[in-house]
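Participant: Just a sequence and a predicted model for now, questions to come.
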Amino acid sequence: MTRSKPTIEIYRGWREIAVSDEHLAVFCEGKDPISLEDKMEGDILGEFQDLNPNEYILLNPDSEKEVIVKATYNPENQSECLLSRISPKGTNLKARNPRQEMLLDALRDEDIPLVFALGYAGTGKTFLGIGAGIQQITKKHYDKILIGRPVIFNGENLGALPGSEEEKLKPWLLPIYDNIESLKRIKVKAAKKDEEKIEVQDLAKLQGRNLANSYVLIDEAQNTSPQQAEMQATRVGEGSKLVMTGDPYQVDPSLQNRMGLNTTNNGLVYLSNGLQESIYTATIKLRKEDVERSDLVRDIIRLLHEKD
């Protein structure tokens, strides 16, 4: 598959900052958010300037003193930036690296109704997205989970394919069911009475649904146009959460040819870049070092996409 090169920077939703032990202690003192201006001064303050809402900061990366904090803004004074330390939650769904920890935090945060997860195959974006949804429907945060994928066959729509609707959809939706089965093996599963609340569909069928009080996940969102992605986002009703996952470097070739979609003008990147200043969104762009599927997949990504 041809991987188009970015012509503009893709927002990643996090940054790395090295701080002194004194500054690090500020974030470890308690659980309450701290005001950036009150606690930071001097040159280090400049490192924290221009933080977007719900942007994550990895302090002292690759060290024993690694800490993750998240930037939020005071609703009553949106010029005041607040920083909160995030900590792993004691559940069966666990992060394996700092970017996954950031993603899980955003997925579980009820004050962030729109989350973008960008990354290579094997970085866990869809697995964690579905797992977090199952956990939250079990806790009654949402009434149902709706999972959609764009269904593409040589650029044709679903109706042009032979067979029943179920037969047409099966090859494209199998990866979703595989993730659900994998989650069951680590005991992340819905109760029997809640299983019927999980629906997996062609994305086109989701576009006419009532998305109130729902946890909605759109997988392979790089295969949507900006118009499709925006239409889906604007259908999310009160009390719902929308999660969009995908690899911006893997736009389907038929869509590259037919619609001119590429790494930076697809619906996933269009929304995540355009909404980075919104207090209602968070973006996590996982790195190729975050591939957890297998050593083989990690090496394939590392060697073939060194410059991505």
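Facilitator: Done, it's in.
Participant: quick one, strands of the stretch 201-308 of the chain?
Facilitator: Applying DSSP state E, counting those that start in this stretch to the stretch 201-308 of the chain gives strands spanning 214-218, 241-246, 281-285.
Participant: will you turn these into TSV that also has mean pLDDT and mean neighbour count?
Facilitator: The way it works is simple: take the backbone N, C-alpha and C, and place the C-beta from them, glycine included. Compiled in TSV, those are given as follows (pLDDT from 0 to 100; neighbours: other Cβ atoms under 10 Å):
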stretch	mean pLDDT	mean neighbour count
strand 214-218	95	26
strand 241-246	98	26
strand 281-285	98	27
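Participant: Those into a markdown table, with extra columns for distance to Ala191?
Facilitator: Below are the strands of the stretch 201-308 of the chain laid out as a markdown table (distance: least, Cβ to Cβ, whole Å):
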| stretch | distance to Ala191 |
| --- | --- |
| strand 214-218 | 15 |
| strand 241-246 | 20 |
| strand 281-285 | 28 |
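Participant: Looking at those strands, which is nearest to Lys184?
Facilitator: Ranking the strands of the stretch 201-308 of the chain by their distance to Lys184 (criterion: Cβ to Cβ) puts strand 214-218 first, at 17.0 Å.
Participant: Check the secondary structure at Leu174 for me.
Facilitator: helix (DSSP: H, G, I helix; E, B strand; the rest coil).
Participant: Give me the below-cutoff pLDDT ranges for the stretch 51-200 of the chain.
Facilitator: Residue ranges of the stretch 51-200 of the chain with pLDDT under 70: 153-162, 164-166.
Participant: what are the ranges of the helices in it?
Facilitator: With DSSP state H, counting those that start in this stretch, the ranges of helices along the stretch 51-200 of the chain come out as 98-108, 125-138, 165-185.
Participant: Report the angle between the last one and strand 214-218.
Facilitator: Spelled out, that is helix 165-185. 110 degrees (axes from the mean of the first three to the mean of the last three Cα atoms, to 10 degrees).
Participant: I'd like to know the beta-bridge partner residues of Gln201.
Facilitator: Gly148 (DSSP bridges).
Participant: Would you quantify the distance from it to Ile137?
Facilitator: 16 Å (Cβ to Cβ, to the nearest Å).
Participant: more crowded one of the two?
Facilitator: With neighbours defined as other Cβ atoms under 10 Å, Gln201 and Ile137 compare such that Ile137 has more, 21 against 17.
Participant: My guess is that one contacts Lys197. True?
Facilitator: Yes. Look at Ile137 against Lys197 with Cβ atoms under 8 Å: they come within range, at 6.0 Å.
Participant: Overlap of the contact sets of these two?
Facilitator: Asp143, Lys144, Ile145, Ala190 (Cβ atoms under 8 Å, 6 or more residues apart in numbering).
Participant: Next, count neighbours for the residue lying closest to the second one once chain neighbours are set aside.
Facilitator: If the residues on either side of it in the chain are set aside, Lys144 comes closest to Lys197, at 4.3 Å by Cβ to Cβ, 6 or more residues apart in numbering. Residue crowding around Lys197 was assessed by other Cβ under 10 Å; the count is 18.
Participant: give the contact list for Lys197.
Facilitator: Contacts for Lys197 were tallied using Cβ under 8 Å, 6+ apart; they are Ile137, Asp143, Lys144, Ile145, Ala190.
Participant: Can you report how many residues neighbour the residue lying closest to the last one once chain neighbours are set aside?
Facilitator: For Ala190, the nearest residue in space outside its immediate sequence neighbours is Ile134; the separation is 5.3 Å by Cβ to Cβ, 6+ apart. Here the count is done by other Cβ under 10 Å, and Ile134 has 23 residues near it.
Participant: any idea how far Gly148 is from Ile134?
Facilitator: Using Cβ to Cβ, Ile134 is found at 16 Å from Gly148.
Participant: ok, Asp182 - contacts?
Facilitator: For the record, residue 182 is Ser, not Asp. Phe127.
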